[in-house]
Structures are given as C-alpha cells and as structure tokens.
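Novice: one predicted model, sequence on top.
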Amino acid sequence: MSQIDLEPVKGTRDFYPEDMRFRSWLFGHMRAVARSMGYEEYDACVLEHADLYIRKAGDEITRQLYDFKDKGDRHLSLRPELTPSLARMVMAKGSALALPVRWFAIPQCFRYEETQRGRKREHFQWNMDAVGIASVAAEAELMSAQAELCRRVGLKLEKGAEPEVIWRVSNRQVLGHFLAGMGIEGDQFAQVCVCIDKRGKITDAELTIELGKVGVDAERAARILALLDVRGLDQLATAVPADNPGLAALRELMELAASFGIDHLIRIDLSVIRGLSYYTGTVWEVFAQAGTFRRAIAGGGRYDRLCEQLGGAAVPMVGFGFGDIPIAEVLAELGRLPQLPRGLDDVVFPMGPKAFPYANRIAAHLRAQGRSVAVDYSQRRFKHVVQRAEDDGAQRLFILGGDEIAKGVCKVRTLGGGERQESEVPLAGLGA
RNA sequence: GACCUCGUAGCUCAGUUGGUUAGAGCGCAAGAUUGUGGCUCUUGAGGCCGCGGGUUCGACCCCCGUCGAGGUCCCCA
C-alpha cells in the first residue's frame, strides 16, 4: 500500500472541528427540547442482528440494509433506524418497565443506497418515542417537540404568517377501516398498501390493474384512489363513515394539537403513507415550505403492534425520526446557519522554553476560573501568534518574554477590539 | 436501478482544433519589521491534472472503464 485513500467511505462524512461545532449545536437543541418534555436519553449499539429489520412486507429499508457476515458467521447490520432496537429493549425489560416511558436518542444510522442531496449512507437521526401511551395526545406532544426544535434552530412557525415548516398528517386506520368496509382485511390489506405505495411512479390506470391482481375490482379501486386525494378534516368527514376510527383519531389529534399551539402547522393529507410497514395509526411527515428542499425533513408514526410482530406482547408506541442532514440543508439554503465560535477564551504565549513553566502555571490558574486556555508553544514570530490567537477567537493574549519574567510580570493584551489594549499584571497574581 | 454533469495546488477556479517547463486569486511560509496582528511590498513552498487502460510522434484535453461528488427520475432512515 503506497498511500491510503484520504476520502471517507462513500456516503459518509468526516466531522472536522468546524463541522462538529454545528453538529454539537444542533444536537444540543435536540437534547434540550427532549429533556424539557421529560424524555430520557438512551442508546443501543450501531450493530444489530439483521433479522431485526427483515420484515415480510418487503419494506424498502430491508433492501437497503448495510449488512454483512461477521467472523462468527452472524448476519449483522448497521442499524438503518433505531425503532426496532427500541422495541427490542422494551421487550427485553418486559413487565419490569413501568409504562409509560418517554425516551429519546440521537443515533447514527446507515443505509446502503445511492447518495443525493440530503441523502447519504450515514446520518444522525434524533428519535423521540413515547411507550405505553395509547392516546393521540402522545402524537401531539411529539409533533410539538419537533416544532419546538424547528423554532430553536431559527425557522419561523408563527401563526398568521406562512409557516416555513408544515406537518402532513394521516392515519392508517382511515384506510384500514375503509377497506374493511369493502371486505379487505389482513393480508389483503397489506397487499393493497404495497400497491398504493407505488402511486406516483405508475399511472392510476396501471395502479387499478395492480389492485385488480390482489382482488380489488375497478369500482373499489377508484374509491380507494379518491380517498388518497382527501385533504383536510372536513373533506375527510364526507369521504368516510362517521364511525371510521381513523377520522375520530385525526379529529382528536387536531384538538390536542391546538392545545400545543401547533394546529396551524398541520395539514391532514391522506396521501401520506410512510414506507415502514409497522405503522398502525397516525403517520406524519414534516416538510420545509421555505427554500427548495422538497424532501421530508422528519417523519413519525404510531406502531402499536411492532413488539407483537417481533414476538412479544403488543405495546402502544409512537415516535419520530428527525435527521441531521435535511435540516442542515434547509438552514444553509436560508442563510440561517449559526456563526459558532471556537470557544477559546485565552492564549498564553511563552516566547522561549524558559517561559514555558510560567505559562503553564498561568494557564492552570485561568483554567481554574473556568476559562478555556491554550498555551502557544510554537515560538513563532510574534505577529503570527497574535494573528492566530485572534483568528481562534481568543479574548486575551498573555505574553511572557524574557523582559516580563525579569520584571516579574505578564503582559496581558486584549484582542478583538480596534485599539490595542495592553497591561502588565504581576506574575504572583496569576499563580506563576 | 435509469439518465445527465463535474473531478486540475490546502480552497475557489483558468488552461486555446491535442503541442515544449500546467497558471491565477485566496490561503500557507519567510523577510522588509533582531519582541507587537489586521494594511502594503518582496520572495518561497506546495501538482501522479481522481485512478486505470487505450488512441497518438505527443494527452489535463480524445475514447473506454472505474472511483468519488452533484443533479433529474425512482425511492426513502
């Protein structure tokens, strides 16, 4: 090997300190929002048994597993999402886990797919999940958390103006009950959902033929497709019977959303399906209205039977995922990326090796006061050291040359201002 | 999985129908200023022209492949 490849693995990112500042800032807001709502942080390993993700419904996510065999011939996968791990952890605790619990995490997730704008092979995804809450109050709470995060990073969601982010919300029970009324249930319902998911990539005429193959005649197919075009509660109320549980759930959700002050951000939209087969109730996707990024920046849903599908008892669960890449794309396009300082407070500059011990003692003295202090051992030209300290955002430069030490002082220079400000401070007062 | 565009210095990019030694700005380094930044000037370092084949007397340039980055579909954590 002559030279290693300096590029990170395809679709993955390096985080240099300047990149890490943004990431830490974003994650900090995510943690703050989650904790403010009583959610506790947890995590699992990035490696999981691939079986955890392989579902017979043929989810897209299963085909994009970043999987491999380990040396023990285990079929493992880098996690594509955290939800199955959460279900596994909840099941493992069993009845020892006093429900409800509210948990959050910021896991790094992987998928093996072609890269595009806002879509790499690796990303971090803020997850918040409520376990053991059957009421759609949990959904409203989670959406309000997403809204709060959007607000904190600088997106405008005020009432009265056109919001920069909206929530497109549906409920799978609407379609489920509707189909049950036609005698379509169980496996056939799943097959119909798979067909419906193709909507947009094939014509409605072709889709009608596909539906015919799974036993849905043209007349019923037309009614199904019409249902997907429904927008808003009023229109939905005329499209389905009053006893449709999905309709009732969406009505209740809107009422609760109002109490969180986010009802003006929600658009009832029956075309929202979501690609994960385990969703059973509310499903939603979050879209930026401002800018040109048209991909969902976050999504969520209720999955009350995932634990059951994994072989345990059913537990009502609902949660969302919120990726770090789309939100960064949106903020960048809108010019809202924050200017984040490096966070260095002081630089101590010993001009020669004899001054190093003095510099170290002064640095320790300042650090004990809670300041971030770097000692510049470079012995480079003075102008270079000053410029570097300034570029690093330091507020003060502590200068220690032979003259200062002979006098028992340290020159303290204030950086950043227009005028030069310098004073001499006795070494004894600086712990040196 | 389909189609399209682009890979030249650390960064942003020039580079003539294929022709000698591949350039600029910014940045970096040294000096002017033997210990005081931001301005200015001088000088310097830094390149397998993404990688591998091919065509040609000769390839940064043309052809094929490959890797990577973007874009439009498709889809989606």
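Specialist: Arrived safely, thanks for sending.
Novice: from now on I want contacts and neighbour counts done on CA atoms only, so please keep to that.
Specialist: Noted.
Novice: residue contacts, A:Ser144?
Specialist: By CA atoms under 8 Å, 6 or more residues apart in numbering, the contact set of A:Ser144 is A:257, A:260-262.
Novice: give me the buried subset of the residues you listed.
Specialist: Neighbour-count burial (16 or more other CA atoms under 10 Å) applied to the contacts of A:Ser144 gives A:257, A:260, A:262.
Novice: which ones among those lie within helices?
Specialist: Members of these lying in helices (criterion: DSSP state H): A:Ala257.
Novice: so which of the buried ones among the contacts of A:Ser144 comes closest to A:Ala296?
Specialist: Lowest distance from A:Ala296 to those (CA to CA) belongs to A:Ile262, with 18.1 Å.
Novice: so how far is RNA strand B from that closest one?
Specialist: Plainly put, A:Ile262 is 23 Å away from RNA strand B if you go by CA to the nearest atom of the strand, to the nearest Å.
Novice: tell me the predicted confidence for the nearest residue to that residue once chain neighbours are set aside.
Specialist: Nearest non-adjacent residue to A:Ile262, counting by CA to CA, 6 or more residues apart in numbering: A:Ser144, 6.5 Å away. Here, the pLDDT recorded for A:Ser144 equals 97.
Novice: A:Ser144 belongs to a helix?
Specialist: Yes: assigned with DSSP: H, G, I helix; E, B strand; the rest coil, A:Ser144 falls within a helix.
Novice: that one and A:Arg55, how far apart?
Specialist: The spacing between A:Ser144 and A:Arg55, counted by CA to CA, to the nearest Å, is 31 Å.
Novice: likewise A:Ala389?
Specialist: Going from A:Ala389 to A:Arg55 by CA to CA gives 56 Å.
Novice: more neighbours: which of those two?
Specialist: Neighbours per residue (other CA atoms under 10 Å) separate A:Ala389 from A:Arg55, with A:Ala389 holding more: 24 against 16.
Novice: all strands of the stretch 1-150 of chain A, in order?
Specialist: A:40-41, A:47-49, A:66-69, A:75-78, A:101-105, A:108-110, A:122-131 (DSSP state E, counting those that start in this stretch).
Novice: what residues does the fourth one touch?
Specialist: So that's strand A:75-78. Residues contacting strand A:75-78 (CA under 8 Å, 6+ apart): A:46-51, A:65-70, A:109-111.
Novice: need phi/psi at the closest residue to RNA strand B within chain A.
Specialist: Residue of chain A nearest RNA strand B, by CA to the nearest atom of the strand: A:Arg117 (3.0 Å). Per-residue torsions, A:Arg117: phi -60, psi 130 (degrees, to the nearest 10).
Novice: so what's it up against?
Specialist: Contacts of A:Arg117 by CA under 8 Å, 6+ apart: none found.
Novice: mind checking how far it is from A:Ile297?
Specialist: Distance from A:Arg117 to A:Ile297, by CA to CA: 12 Å.
Novice: then A:Arg267?
Specialist: Going from A:Arg267 to A:Ile297 by CA to CA gives 15 Å.
Novice: buried residues of the top helix by length along chain A, list them for me.
Specialist: What stands out as the longest helix in chain A, according to DSSP H, is helix A:17-36. Neighbour-count burial for helix A:17-36 flags A:21-23, A:26-27, A:29-31, A:33-34 (criterion: 16+ other CA under 10 Å).
Novice: just the CA atoms of that helix, as PDB, please.
Specialist: C-alpha atoms of helix A:17-36 as PDB (Å, rounded to 0.1, in the frame of the first residue of the first chain):
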ATOM      1  CA  PRO A  17     -13.900  20.800  14.500                       C
ATOM      2  CA  GLU A  18     -15.700  23.400  12.500                       C
ATOM      3  CA  ASP A  19     -18.300  20.800  11.300                       C
ATOM      4  CA  MET A  20     -18.500  19.400  14.800                       C
ATOM      5  CA  ARG A  21     -19.500  22.800  16.200                       C
ATOM      6  CA  PHE A  22     -22.600  22.800  14.100                       C
ATOM      7  CA  ARG A  23     -23.400  19.200  14.900                       C
ATOM      8  CA  SER A  24     -23.000  19.800  18.700                       C
ATOM      9  CA  TRP A  25     -25.100  22.900  18.400                       C
ATOM     10  CA  LEU A  26     -27.900  21.000  16.700                       C
ATOM     11  CA  PHE A  27     -27.700  18.000  19.000                       C
ATOM     12  CA  GLY A  28     -27.700  20.400  22.000                       C
ATOM     13  CA  HIS A  29     -31.000  21.800  20.900                       C
ATOM     14  CA  MET A  30     -32.400  18.300  20.300                       C
ATOM     15  CA  ARG A  31     -31.400  17.200  23.800                       C
ATOM     16  CA  ALA A  32     -32.700  20.400  25.400                       C
ATOM     17  CA  VAL A  33     -36.100  20.100  23.700                       C
ATOM     18  CA  ALA A  34     -36.400  16.400  24.600                       C
ATOM     19  CA  ARG A  35     -35.400  16.900  28.200                       C
ATOM     20  CA  SER A  36     -37.700  19.800  28.600                       C
END
